[in-house]
Each structure stands twice: as structure tokens, then as C-alpha cells.
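> what would the 3D arrangement of this be:
(chains A, B and C)
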Amino acid sequence: MTPQEFAKHLGANYPDHQFEIDPLNENCVLIPLQLVPQCFELLRDDDATQMDYFDFSTCVDHPPDRLDLVYSMYSTVYKHRIQLKVVLDRQNPCVPTVSHLWVNANWNEREMYDLFGVFFPGHKDLRRLMMPDDWEGHPLRKDYAHPNLVVRPD
Amino acid sequence: MDLVTAYTGQDVALVLIMLLMLALILGFIAGSSLILIWAERKVAARIQNRVGPMMTGPRKFAEFSMWTGGLLQTAADAIKLLVKELIIPSKTDAIPFIAAPVLIVTVCVTAYIVIPFGPAFSVSDLNIGVVHVVAISSLTVLSIVMAGWSSNSKYSLLGGLRSAAQMLSYEIPLIFALLGPILLAGGLSMQKMVLAQREYGCWFLLPSLLGFLIYYVASIAEVNRPPFDIPEAESELVAGYVSEYSGMMFAMFFLAEFANMFLVCSVAATVFLGGWLVPFMPVPDNPTPVYILLGILTFFLKTSFLVFIMMWIRWTFPRVRPDHLMNLGWKYLFPLSLLNLLICAGIAVLKDVYKLNGWGISLASLGALAMVMLLLQVVRIPRPDTFLEKA
Amino acid sequence: MLIRTWWCALTSPSDDGGALRTEEFELNMGPQHPSTHGVLRMVLKMDGERVVDCDPVVGYLHRSIEKMAENRTFTQVIPVTDRLDYCTSMTSNYVYVLAVEKLADLTPPPRAEYIRVIMTELNRIASHLLWYGTFCLEIGATTPFLYSFRDREKVLDLFESACGARLLYNYIRIGGVGQDINQKFLDRMIEFLDYWEPIIPEYEALLDENPIFYNRTVGVGTVPLEMCRSYGVSGPNVRAAGVAEDVRRDDPFAVYKDLEFEIPTEKESDVFARYRVRMRELRESAKILRQCYEKIPSGPYGLPLNYRFKVPEGETYVHIESPRGDIGCFLASSGGDKPWRCKFRTPSFVHIQLFKKLLEGVLIPDIMAICASFDIVLPETDR
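Okay, the predicted model is just below:
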């Protein structure tokens, strides 16, 4: 399936919503935030898509108000790969977990919680992954400041 | 002076000689461990395509060949360990913590006193020699458990407990494997064991080949050497019961390991390989000095060969898992050692009743062995591995 | 006093019907432990020798490579990716460079593509040899480690002659490679393969027919295929479960579609199967290298590029086959000369998650066998 077909397929299942190809990434479909767990469940279980392999999920920070959450998944049956993007509110990023669908999402979400401060309601074990438990701030955000972090001169 | 005689039932001169011999033994243990550690490193190096320690020791020797390099390496290591600080972690139970390494070396030295290094050349030829060795050397488990428990570290504790389980299950096949030769010799004294092999005209290796193999496997487990080194398995339990030890206390465990290895191999050489009996040479009724020297040399050659095999095994095999170890001990070695006892009883009857000579006994034992092989084929004991199914 | 204590102990009513009271204890394995591959920490709940619960803790080697990448130009990031997985630096160089090339729409010359394949496969050999050695160390065999390192050194010598470095190469560059290789390098490579290929059976002979090794590995750490899918297991570990999945075949990059090689698979998906798959992959890598020797074209080895070139705005994801599995790079550019966001999807990160499930109910020695069999590398987990 091409990303266009994915968008069409999702549109057929959720007629109330718009699914567009991400202008930044030709292999990426934009997903409305409110569809997050259901839409992924559909992609995983639907016979036409069968996205059984979860690559990764990560965030891209776009200050001042946007935080993109990118999921990438793959079907070992059809050998197609797609990225899905959810746009979050940067001040209060919160998105339902998908770790019950793919176990692999578990640590990916913990990492995003740790490094970007995204909150995942429904995640069973939301702790910091890379940084110490008492760390303050979310290092991969663009506005993160730390005395040891020196910006290289141009 | 009378007091000594009264208490030991022995002449003062004899007691003095025994004390001298004991001092010799102590020196011997220290010296032989140094050499053994060096030898182990050299054997390991050869097996692993390396040269091993080369820089310590006479330069000329090192230039001669890899086998003569680094002669003083262990001496240097020993000096380093001697001058290191003894760290006693604050949460340990200090008294057993310090006592454990002392005990393990004491046990080791005590066990050495009955080893017949040559004709009329053992510290004390106790009439319960074999039992003495087995009983005393099984005390090492006590010291290992003490070390494991008192260290107050979880890895040490696991190592100590593993050691206890392992020793218990390997002591039994070990003793049962020794029972065969004891039956043949009709006595427990080590010197008598050697003389009995002279009387039989063949080493006890042949009548109880099964026993020898069982003894050898069990003794590797007994001295905690790889592949049965589960109490100190360095990739699992860091260093097992020695995790918290440092300096000379650690060195004492190390020394005891090598001394124990030499001990079990010398017992094997005595009981199964004819001890100081020089092959193809009639034994004089009254040992001449030449024969004594030759005997000592033979004894050391036999023992060194067995030690070498142990080293070879160590550097070849992966480590056994504790539960597989128990399986092997209880399900395979123990029943087989009983079988070995049966064969030895038969051979003893052949010798005593039918007056067979050495050749006859050798033939008979080979026949018995063939029958055992046949029996194992018929009974089809499930092999301890799944290799056949897999391939 | 003593007697009283003893008497109390003797007469006090026991509440468990006379059975021995046992207690679970917590064992902190790592981050400093001889066989946790660097700095993995596992909080184990133990019932004697048996694991009841395992919680892998990572992050002790977190060097914030992704943050560092945002602070450097596209070219400057390459040495940082070396440190991503120091056992296969070429692969991590490669995946990052591929991502940049895809975003910037660059096509490296064919000779560069071949050189990259040669280096990646050589690095796969080096990495699998390292794995073989450490895997054997962890199940207690010391000697295979020395054998594998003896031959790994020869691969590193080849790398040294090509790029001057033995561990962190910084060799695969955007649009090509750092330096050209000459015919002498290729001949030395074939010389090495001629020497080394007959040695692979020697490695196997040490372990394959050894009952101790069988007992330690067969049926231990079995990962069913459904579990592989849910956890996202990739590379040799999923091939051991019986599916011929390989990025080199499914999503061919560089010149892999012109090369013939098999994808070794095993059915059982236990420690032994993973060992077999890796040993067979060694032979396939040698096969690929020999084909590259025949096919490598002459020509330029890179594109002339400005040091601080700009990459158009966009996001992309590329992935390649590393010796450990499916390694990917998600790269976002804002149109400048530095990456806006650079995320690495690393196989070890995925495989370590398996341990929580897999180590339940196994014995301590099996922990080592299982952890080692997945070929985890901590720097690429923590990044």
C-alpha cells in the first residue's frame, strides 16, 4: 500500500475525519489526535493493512507551540511501511498509549515521556527511561537549558 | 619427652621427622601452587594461541621458547597479593570471614599428610588413608559456605549455597568410585593401595576404569574447577564466594584451589595409576635409594599428567548449569559407581579365589568393561544431552 | 541466654505448618557485572536460583547522541554515529548517511555503493565474531573468545588499511566514502577470506557437538514468532524463529539487489538457533564479499560536496540491516545545515525489552545465555 492508499483506507473507515499526507514526509499520514488508539488498532488488525511490526515512535519538537509525534510501523505480511504523525499541543502534550497494541511501544513511549515530556494516559509503567528518576526537564526539547549543554558556535 | 611418647604412642624421633615432613609439605604446597598456576597459564596460552606470561623471569629462558618464559610471574603475583591491603567490608561477619580462607588452607594441608609421594615417603601412613583424604577434603565446603555467608553479599551467598549443593552431590559418587579400589586392595592405607597394585600386577585403572572416570569427573567438581566451577562462575556470580575477598585472603582461596587440584590428582594417581610404582620395573622388596627417587619421579609424572588433563578440560568446555550438574551426579555417576563396585568385587574374587595374575586380571577387567558397554547399549540410558534428536 | 534463645526457637509455634519459610530477594545485576554487556542493569527478584521477575534498567550509557546531532552540521554528525554502536560503526555511519542522502536527494557513485557494502559486510563479520567470543565467555568457555578475536583483529587490520581507524571509522560519508580503496585492499580481503572461511567450522566444532553447550542452549530462551512480532524483534533473532526477514532482501539498499546470498533461518528460536543463524550468516557475508570483489566498478568514490551544505526541509526514515537487526534513522531537517531531529531506531533497544518476559522463571546461568544470545549492545540502546 502506498501512503495515499493508506489515507484513503483510513478515510473509508473514519468518514468524519480528514487524512492527509504530511507535507514534510511523503511516506507519512497525518492522524487526528482523537483517533489515536482506535486507528492504530484498526491498522494492526485489519486484513488489508496488518501492521504487525512496530518500528519506533518519536517526537519532533517545533517550538513554540507544535510537537509532532511520529509513529512508524511495518507489515511483515504485505511488506509495506508507513509513518503516522499526530500533532500535539506543545504546552501540554498528551496522547493515549499504544503500548497495549505493540509491546515495543512501551519503551518508546517511556523514552518520549522522559526526553520530551509527553504524557501517555493508559501506559502501565510510565517512568523515566534514560535520565535518572529525579532529573528535571526534558532534554530533547529545543528550549532545554542545562549548564553543561553548550551550543557549538557556528 | 615421655609426654610426647605417651600422647602419640610414637617415638620422639619419629614425631620430629613427621614435623619436618609436615614443614616440607607446607613448603611443597606453596611451591607447587606457584608452579601450577604458572603451568596453568602456559597451558591456557598454548590452547588459546597465545604465549602467556613472558616478561617476568630470566630473559634468556623467555628467548628460548614460550614454555620457559615468565617463570617468576606467579612469584611476582604472590608478592603483589601479599602486600595488598586486606579489605574487610564493614557489613561482613568478620570472624568467619577471616577464618574461611585459613580453614580452607588448613584442610588442604591436613589432607596432604597421607599422600605417598614415594616408597616410605609420606608424612604419616594412616591406616585409614583414603577415608582421611575424602573426609578432610570435604571440609572445604564448610569454609566456602562460611565465606559465602559471612561476606554478606548476594553473589557470595549464592556461590556458597551452590557449592554446598555441588559438594554434597559429588562427594557420594567420588567415595563410591574409590570403594572399588579399596575393595581390591583390601585396606584403606594409601601405601597399601600402591603395594596392592604391585601384588595384582596391574594398575587399578583397568579393573575400575569406570571408577577412575567417575572419580576424575567428580573430583573436578570437588575442587570447583571449570566446567564445574559453578560456585565462582565469573560470568554469572561475579566471583561467587570470593567476590568480597582481597589480598592474601583471596590468594589463600586461590592457593587452596590449586593445592586441592594437585591433591585429588595425586589421590587418583595413587589409587588408580599405581602411585609411585615405576612401570616395567620390578619392585625391590627393600626400597633402594635409586628406586625411591625413581618412584617419586614417577608419582609426580603421573600426577602432573592428570593435572594437565584437568587444565585441558578447563580451557575447552563451557560451564555446566547447576541443575544439570546435579542430574549428572545423581542420575548417572552415582548408579555407574555402584556398577563399578560390583565389577571390582568380581575381580577381587577372581584374584583371591582363582589366583589370576596381572594379565588375567587385565583381560577379565576388559571383558567386564565390554559387558558394561553392551549393557549400556541394551538398557539405553537416555543420554544427558539432546544432541541426537537435534542433529 | 543462649539456651533461652535456643529453647524459644524450639518451642515457638511455627505458622507455616512446619515447612521452611523462604523469602524472595532482590538481586541487582549490573550495571557493573562481568556479563551484562557494558552497563545493562537488571533488577531481579529471585527465588533462590530462579528468577521471579526481571526489570531491565538502561540509561547508564546515555550520551544524548540525538541531542548532540542537533548541534552539529550534517557532516559533523557522522563521527557521533560511530559511537552509536561501536561494534559495527560502519553500519551506524551508513544508516545516518543514507538518511541524509535520501533527504538531500543525492545518489552516490556505484563504486562508493560497493565499497559501502564491502565495509558493512566486513563489519558484520567483525561484529559476529565479537558476539561469538563474548557469547562463549558468558556460558563459561574462555577459549573461543581468543580464537574469534584472533580473526577479528585481521578484519580490523583491513579497516585500518582502508580508513586508518580500527574501531570508530568515520568512513562512510555523505555522498560516498572517506577514502578510496585500492586493489591491494581487495586482494588482502580475499586473502583473509581464503584463510578465514575454513576456520568457521573450527569455531563450530568447539561448541556444536558439546553436550554441555547443548544443554545450556537448546530449548532455553524460546521466543515464539507472535512474541517476536509484538516486540518488534528483527535481524538474526527473528530469523532464528523461522522467517527469512532481512532488510537487505525486503527493502534492498545500495547494491544488495545485484548480489546473491541466502538468508539463513532456523525454526526453534532458542539460544541455539540464534547461535546457528549467526554462524551461518558469517558464511553468507563471505559470499557477498567475494561477489563484491568480482563486481566492484572503477570510478569516483564520492560526490564533491560543500562541507556545510544545506538539506531541504523534510522528514524521512531509512533503515538497513545491522548485524544486530533492523537499524533505522529518522531524520528531520528544517532546511538548514544541521539536523532538526535525528532519531535512531536501534535493534538492541527493542531486544532488551524482551528480557522482562523472557527471564521469568529461568535460572541465573540462563540469564547470561539468553542475554548474550540476543547480541545486545548497550551504547546503541542508550544512545
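> distance of B:F117 relative to B:I25?
B:F117 sits 9 Å away from B:I25, going by Cβ to Cβ, to the nearest Å. (C-beta placed from N, C-alpha, C; glycine too.)
> the strand or helix carrying B:L81 packs against which elements?
Using DSSP states H and E, B:L81 maps to helix B:73-83. On a contact count with 3 or more Cβ pairs under 8 Å, 6 or more residues apart in numbering or on different chains; DSSP states H and E, helix B:73-83 meets helix B:12-47, helix B:247-272.
> out of these, which comes closest to C:W196?
Comparison of the helices and strands packed on helix B:73-83 against C:W196 by Cβ to Cβ identifies helix B:12-47 as nearest, at 20.0 Å.
> residues in contact with the next helix or strand after the closest one?
Proceeding N to C from helix B:12-47, the next assigned helix or strand is helix B:59-64, under DSSP H and E. For helix B:59-64, contacts defined as Cβ atoms under 8 Å, 6 or more residues apart in numbering or on different chains pick out B:54-55, B:68-71.
> one more: stretch C:223-239?
A:52-55, A:76, A:102-104, C:241-243, C:245-246, C:263-266, C:269, C:274, C:277-278, C:281, C:321-326, C:347, C:350-351, C:353-354, C:357-358, C:373-375.
> any idea how far A:G122 is from A:L101?
Following Cβ to Cβ, the distance that separates A:G122 from A:L101 is 11 Å.
> next one: A:A12
21 Å.
> which one of those two has more residues nearby?
A direct count of neighbours by other Cβ atoms under 10 Å in any protein chain shown for A:A12 and A:L101 places A:L101 higher, at 19 against 10.
> low pLDDT regions in chain A?
Within chain A, the stretches with pLDDT under 70 are A:154.
> ok, for the closest residue to chain B within chain A, nearest residue in space, not its chain neighbours?
Distances between chain A and chain B by Cβ to the nearest Cβ are smallest at A:D133, namely 23.0 Å. The spatially closest residue to A:D133, leaving aside those adjacent along the chain, is A:R127, at 6.9 Å (Cβ to Cβ, 6 or more residues apart in numbering or on different chains).
> ok, the one you found touching A:E111?
No. At 10.7 Å, A:R127 does not count as touching A:E111 under the criterion of Cβ atoms under 8 Å.
> pick out whichever of these two has more residues nearby.
Set A:R127 next to A:E111 and count neighbours by other Cβ under 10 Å: A:E111 wins out with 26 against 10.
> endpoint to endpoint, stretch C:358-370 covers what distance?
8 Å (Cα to Cα, to the nearest Å).
> buried stuff in it?
Counting neighbours by 16 or more other Cβ atoms under 10 Å in any protein chain shown, one finds that the buried residues in stretch C:358-370 are C:358-359, C:362-370.
> what's in contact with it?
With Cβ under 8 Å, 6+ apart, stretch C:358-370 has contacts from B:158, B:230, B:233, B:235-237, B:319, B:321-323, C:29, C:35, C:42, C:44, C:46, C:49-54, C:138-139, C:216-217, C:220-221, C:223, C:271, C:355.
> geometric centre of chain C: which residue is closest?
For chain C, the residue sitting closest to the mean C-alpha position, by Cα atoms, centre = their mean, is C:R324 at 3.2 Å.
> what is the neighbour count of the closest residue to it other than its chain neighbours?
Spatially, and ignoring its direct neighbours in sequence, C:R324 is nearest to C:P347 (4.3 Å; Cβ to Cβ, 6+ apart). Using other Cβ under 10 Å, C:P347 has 30 other residues around it.
> and B:V349, by the same measure?
Neighbours of B:V349 (other Cβ under 10 Å): 11.
> quickly note the distance from it to chain C.
Distance, B:V349 to chain C, by Cβ to the nearest Cβ, to the nearest Å: 36 Å.
> ok, and that residue, which helix or strand is that part of?
Counting by DSSP H and E, B:V349 is found in helix B:334-354.
> packing partners for that helix?
helix B:154-185, helix B:209-222, helix B:358-379.
> among those, which is nearest B:K331?
Across the helices and strands packed on helix B:334-354, closest to B:K331 is helix B:154-185 (Cβ to Cβ), at 10.2 Å.
> quick check: residues of chain B near chain C?
Residues of chain B found near chain C (Cβ under 8 Å from any Cβ of the partner chain) are B:44, B:47-50, B:154, B:158, B:161-162, B:226-227, B:229-230, B:233-238, B:315-324, B:383-387, B:390.
> so of those, which ones are in helices?
B:44, B:47, B:154, B:158, B:161-162, B:322-324, B:387, B:390 (DSSP state H).
> how about the residues you listed in CSV, adding neighbour count and pLDDT?
CSV is the format used below for those (neighbours: other Cβ atoms under 10 Å in any protein chain shown; pLDDT from 0 to 100):
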residue, neighbour count, pLDDT
B:A44, 18, 89
B:I47, 17, 88
B:K154, 19, 85
B:L158, 27, 86
B:L161, 19, 86
B:R162, 26, 86
B:P322, 23, 83
B:D323, 14, 82
B:H324, 18, 82
B:F387, 16, 40
B:K390, 13, 41
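> and which of those is nearest to chain A?
Minimum distance to chain A across those is 23.0 Å, recorded for B:K154 (Cβ to the nearest Cβ).
> which residue packs closest to that closest one, ignoring adjacent ones?
That would be C:L27: by Cβ to Cβ, 6+ apart, it lies 5.3 Å from B:K154.
> show me where the stretch 1-150 of chain C has helices.
All helices of the stretch 1-150 of chain C, identified by DSSP state H, counting those that start in this stretch, fall at C:2-11, C:65-69, C:77-82, C:89-104, C:110-138, C:143-163.
> need these in CSV (columns: distance to chain B, mean pLDDT and mean neighbour count).
Shown next, in CSV, are the helices of the stretch 1-150 of chain C (distance: least, Cβ to the nearest Cβ, whole Å; pLDDT from 0 to 100; neighbours: other Cβ atoms under 10 Å in any protein chain shown):
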stretch, distance to chain B, mean pLDDT, mean neighbour count
helix C:2-11, 16, 55, 8
helix C:65-69, 29, 87, 21
helix C:77-82, 28, 89, 22
helix C:89-104, 26, 90, 25
helix C:110-138, 5, 90, 24
helix C:143-163, 4, 90, 19
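> closest to chain A out of those?
helix C:65-69 (5.8 Å).
> C-alpha coordinates for the closest one, PDB please?
C-alpha atoms of helix C:65-69 as PDB (Å, rounded to 0.1, in the frame of the first residue of the first chain):
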ATOM      1  CA  ILE C  65      23.700  11.400  20.800                       C
ATOM      2  CA  GLU C  66      20.400  12.600  19.400                       C
ATOM      3  CA  LYS C  67      20.800  15.900  21.100                       C
ATOM      4  CA  MET C  68      24.400  16.200  20.000                       C
ATOM      5  CA  ALA C  69      23.300  15.600  16.400                       C
END
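> now for it, which elements pack on it?
helix C:77-82, strand C:339-345.
> what are the contacting residues of the longest one?
When contacts are taken as Cβ under 8 Å, 6+ apart, the neighbours of strand C:339-345 outside the stretch itself are A:55-56, A:58-61, A:72, C:65-66, C:69-70, C:72, C:74, C:77, C:81, C:84, C:92, C:95-96, C:99, C:311, C:315, C:317, C:319, C:326-334, C:380, C:383.
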